[in-house]
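A.B. asks: Mind folding the following:
(3 chains)
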Amino acid sequence: MDLLLVQAVANGLLIGAVYGLAALGLTLIWGIMDVVNLAHGEFVLFGAYLTFVLFSQRGAFGGINPLLSLLLVVPAGLVLGIILYRLLLQRVVGRPALTTLLLTFGLSILFNNSLLNWFGPDVRIVRWAQGSLVMGGVALPWTRLIAFGLVVLSSLCLFAFLQRTYGGKAIRAVMQDSEAAAALGIDTQRVLTTAFAVGTMLAMVAGMLVSVALSFSPANGVQFSVTSFVICVVGGLGRPLGAMLGGLIVGLVESFTGIFISQAYTPAMVSLLLIAFLLVRPAGLFGKVVR
Amino acid sequence: MMGIRRVAALWRRPTPLLALAVCGLLALVPLSDNAEWITFCITMMNLIVLTYSLNMVVGLTGYLSFGHVVFWGLGAYTAGAVVMAGGGPISYNPYWVAPLGGIVSLVFAGIIGYPTMRLRGAYFAIATVSINIAVQTLFFNLEPLGGAEGLPLNRALLNLADRVTPAYYVLLGLLFLAFWTHYGILKSKIGYGLRAILNDEDVADTMGVNATGYKVATFAVAAFFAGVAGSAWGIFQNFVDPENFRLGISVDLFVIMMLGGAGTALGPLVGGVIYYVIRDLLILRFPYLHLMIFGVVILVIVLAFPGGLIGTLRQRHRGLRAVLE
Amino acid sequence: MKAGRSSVIACAMLVIALAIAEHGAVAQGQAEMIKIGMTNSFSGGLAQAASPVWRGVMVWQDWVNAQGGIMVKDRNKKMQVQVVYYDDETSRENLIRLYEKLATSDNVDFFFAPYGSGQTFVVAGLGDKYKKFMVSTSGAAPNIYQQGYKYIVQGIMQADEFGRPYLDMLAKVDPNHKKIAMIYEDHLFPKSVATLVKDVADKLGFQVVLFDRFPAGAQDVSAVLTRVKQLKPDHIYFMANIEGSIVGLRQMSELKVRARSIGILDNGMYYYKQALGGKLLDGIMGPVEWDMSQRYKGITLGPNNDEFLALHKKRFPGVEPDNHTPLGTNAGLILQRAIELAGTLDSVKVRAQFCSMKLTTLMGPQAWDCDTGLMKYPSEGGMPAIVTQWREDASTVTVWPPEFGDIKLLKFPVNKF
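C.D. replies: Next up is the predicted model:
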């Protein structure tokens, strides 16, 4: 029984970390510009497919180690974010929530079906670092351990960015009070662009982890979005630490429900978790209470 | 509520006449006995009624009911449960069964309305989504009502006359009623109250508008329409299953509402017709690409016509304001 | 936003122009053809599973038209076949609407059902409604045919027949190890197989130590697999859609879930090979409707495996057929034979042929129950399900049943992972 408990905790933490990283991008964007990005799941898929393509190609540019492919995934995410923001999202920031929701929904349909038409509906896996580390009867898949490590690394980098660099501090300033920040001479548009770019990049990095540690197909886009939303609410909008913790919590809830009750009830339990937070503490673990 | 005299006066305005004209046309379709048109119109009317339901919540209170389809699904399953319970042809008659579905949804909305409408903006949206998912999961596991495989209702009744035509007229009547309810609310004291809440809830509260009461009441009334539509649909399809809670349907409704113009009285009608016609055209002509084109269409609408068709027309042609509301 | 407005108008004109253009292309005033209507899920949740079957139907269309068409005696000529199809987007509303359109404005003569038991169930009644005969390509759930419909016939083996060969084989090959864990995905097809097959397991004397399910489309099944691991079963029967099985096998290997044998549904599909690779798959077995390695003797109608493969390559270069593709071809073949025997395109007479018709195609011998249209069990001449097993080089061999497979090829016990 003890072993079961340890495995449950291990499973939950390992997958929760990946969830957390995926939600990180969303919470940043949502927190700073009040835009709920319904295409978030598709950004994750982009990262996954990019890694997959680089990994499975034959020839000179092929067979690239997923860790190395980060060198391409990260800038790709930043560039995509900048382009999307400047081209489309800039126009709807500040407009009613309905407008931005529909815009990102349209993007989500467009992206998802483009992926579907290009790659087909097949489920893909990046077959790298197979096998597990077995410690005392508990199996820890290598891919998930590596993913966990990467998540920790990314979180530290993000933390450093937000706390130590001008760009990061500017983001935090705008998140707190955009008018005051503008009054202090901060170029709000530039900050929003950066935030969106970073958020998109984080989603794509999470996608790379998903491609290695889980599996993916265009049909999974919605699932990534929904889980990320739940985590954002649990953790609090615009709170990276909250997103990480929220991810771990959701991972553990899923794991424990699945092992000790039945996996059939996992979606219900996660929904209940969400509803509970919304009713009791809608601001999430770390969010400010907003009326 | 609204005086009878006021109602009578409204009849002569162009907007209701327009709506009446469209409904009149729709009423003639079943007489043609063309199954394809009938199915086309039933599906379209169902979407329009649902959009009116959503429009009442989003357009009038500003709350984003993203999980709105849950009310439709509950209506469908009510029909399923009634038919299962048996009791002869009456259990299968849409005119009797459909309102039951409406009542179930209304009560449900009343119950969840109070706690969830304390939340604002995106939080409310997410709450409705998770309620939707939770209810869907419940029905997935509810074996007596079919579980994941769904519940076939009455296989003997394949005849158009027995099943489809009554469902058609229920939906048509519902559409007209929904339009009137929305239009009536817009024009009445309740409408003023809701607009006040929309603008600034706290101020409205201070001024004596019972914000919570208005919001929940509107939510419940909207849910009633969705529930009736769901029951009618369940009988028409002769089948209910958890797909009746599919989140994608809610999203379609939002698109239609945006297309027509959120909050307007003609919006859902106009938006629904255009959306369904275009969607159908796309599916038939482009088996492979239609969804991508659809995505592009949405983007263009959001960027170029944010007020929807009616909203934009009202903005650009002040003269049309009286006609298109 | 002047730019925005004109772009909308441009968009609208483009859509209208395309709509008109397409209309010209679709309207074919061809010489009399036999029109068969169907939908395929080119998009939506069932896209991966459905399209191969549709491709199989197209292959049949090519094959039969290359022979000049189907001989219709009461018209004294061979008539070519045209399959009219639309995308149903895996949506119920679309299914109904599109099949009604096929029946009315497209005026097809016959139907093929859409993919899968769930979707077939939705449109099964429409055959009766429009009095047009429908052949189901992949509706394995028996309840579809127990509704009293008179215009539909099953083109695949029944769901319980599909699931049981793995258990039959285990009972024969490993009689002293009876602990089995049965996991299934909470989705129409795997669920119907699982519920039917549990009874079979009980009757064969298995001890079902776990009968549990996981949500449809779940990407992470570690939780339920951890429970399985703890119970240390002799055999694991993991019943899911293809995506679920891919996820399940992968995570079984990660969590080191071990058993003497592991069975999955729809074994042998190339998607497994593509996602997981031969080494992981080595030894995994399970039931499937057809496999390239399965060559039935005495084919009375239609192409054999190699001819089928060649036709598929010609029509769809660059796409591999999967284990379900022949289902589409088979549906066409049985319809063709029924029309030939009936001598007419009248749906009632065509349906009547299935009371006595027997034939063997590349999918094996087939016979039907006259009353319901259900495919008979193999013992009565109906379509058999076979059990295949993976090899390390990602090829498959058919090991069961003894009439059609070679038990000597079975590698047992597998003892993975």
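A.B. asks: In contact with the nearest residue to C:Q158 once chain neighbours are set aside, which residues?
C.D. replies: Distances taken as C-beta to C-beta, 6 or more residues apart in numbering or on different chains put C:P142 closest to C:Q158, at 5.1 Å, once the chain neighbours are dropped. (Glycine included, C-beta is placed from N, CA and C.) By C-beta atoms under 8 Å, 6 or more residues apart in numbering or on different chains, the contact set of C:P142 is C:Q158, C:A159, C:D160, C:L374.
A.B. asks: Go ahead and confirm the third one touches C:K198.
C.D. replies: No: in this structure, C:D160 is not within contact of C:K198 by C-beta atoms under 8 Å, at 10.0 Å.
A.B. asks: coming back round to it: take the contacts of C:P142 and keep only those in helices.
C.D. replies: Members of those lying in helices (criterion: DSSP state H): C:A159, C:D160.
A.B. asks: which one of the contacts of C:P142 is nearest chain A?
C.D. replies: Each of those was scored against chain A by C-beta to the nearest C-beta, and C:A159 proved nearest at 20.2 Å.
A.B. asks: Per-residue pLDDT of that closest one, please?
C.D. replies: Among the per-residue scores, C:A159 holds a pLDDT of 86.
A.B. asks: same thing with the one 5 residues further on?
C.D. replies: Per-residue confidence for C:R164 comes out at a pLDDT of 91.
A.B. asks: mind listing what it touches?
C.D. replies: C:V197, C:V200, C:P287, C:A385.
A.B. asks: If you rank those by neighbours, which is first?
C.D. replies: Within these, most neighbours by other C-beta atoms under 10 Å in any protein chain shown means C:P287, with 30 neighbours.
A.B. asks: pretty sure that one is in a strand, no?
C.D. replies: Yes: under DSSP: H, G, I helix; E, B strand; the rest coil, C:P287 falls within a strand.
A.B. asks: Tell me which residues touch it, please.
C.D. replies: Contacts of C:P287 (C-beta under 8 Å, 6+ apart): C:F162, C:G163, C:R164, C:P165, C:Y166, C:G263, C:L265, C:D266, C:N267, C:A385, C:I386, C:V387.
A.B. asks: TSV for those residues, including secondary structure?
C.D. replies: Shown next, in TSV, are the contacts of C:P287 (three-state DSSP):
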residue	secondary structure
C:F162	helix
C:G163	helix
C:R164	helix
C:P165	helix
C:Y166	helix
C:G263	strand
C:L265	coil
C:D266	coil
C:N267	coil
C:A385	coil
C:I386	strand
C:V387	strand
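A.B. asks: Would you list the buried entries among these?
C.D. replies: Of the members of the contacts of C:P287, the ones counted as buried by neighbours, 16 or more other C-beta atoms under 10 Å in any protein chain shown, are C:F162, C:G163, C:R164, C:P165, C:Y166, C:G263, C:L265, C:D266, C:N267, C:A385, C:I386, C:V387.
A.B. asks: got the residues of the stretch 201-325 of chain B near chain A?
C.D. replies: By the rule C-beta under 8 Å from any C-beta of the partner chain, the part of the stretch 201-325 of chain B lying against chain A is B:247, B:251, B:254-255, B:258, B:262, B:288-289, B:291-292, B:294-299, B:301-303, B:306.
A.B. asks: Correction: the previous question concerned the stretch 1-150 of chain B.
C.D. replies: For the stretch 1-150 of chain B, the contact set with chain A under C-beta under 8 Å from any C-beta comprises B:58, B:64, B:115-116, B:119-123, B:125-127, B:129-131, B:133-134, B:137-138, B:141.
A.B. asks: Buried ones only from those residues, please, as a ChimeraX command.
C.D. replies: In ChimeraX, a selection of the buried entries from the residues of the stretch 1-150 of chain B next to chain A looks like this (16+ other C-beta under 10 Å):
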select /B:58,64,116,119,122,123,125,126,127,129,130,131,133,134,137,141
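A.B. asks: Helices - which of the residues of the stretch 1-150 of chain B next to chain A land there?
C.D. replies: B:58, B:115-116, B:121-123, B:125-127, B:129-131, B:133-134, B:137-138.
A.B. asks: Which two of these have the greatest separation?
C.D. replies: With C-beta to C-beta as the measure, no two of those lie farther apart than B:G121 and B:L138, at 26.8 Å.
A.B. asks: OK, now which residue of the stretch 101-250 of chain C is nearest to chain B?
C.D. replies: Here the residue of the stretch 101-250 of chain C nearest chain B is C:T104; by C-beta to the nearest C-beta that distance is 4.4 Å.
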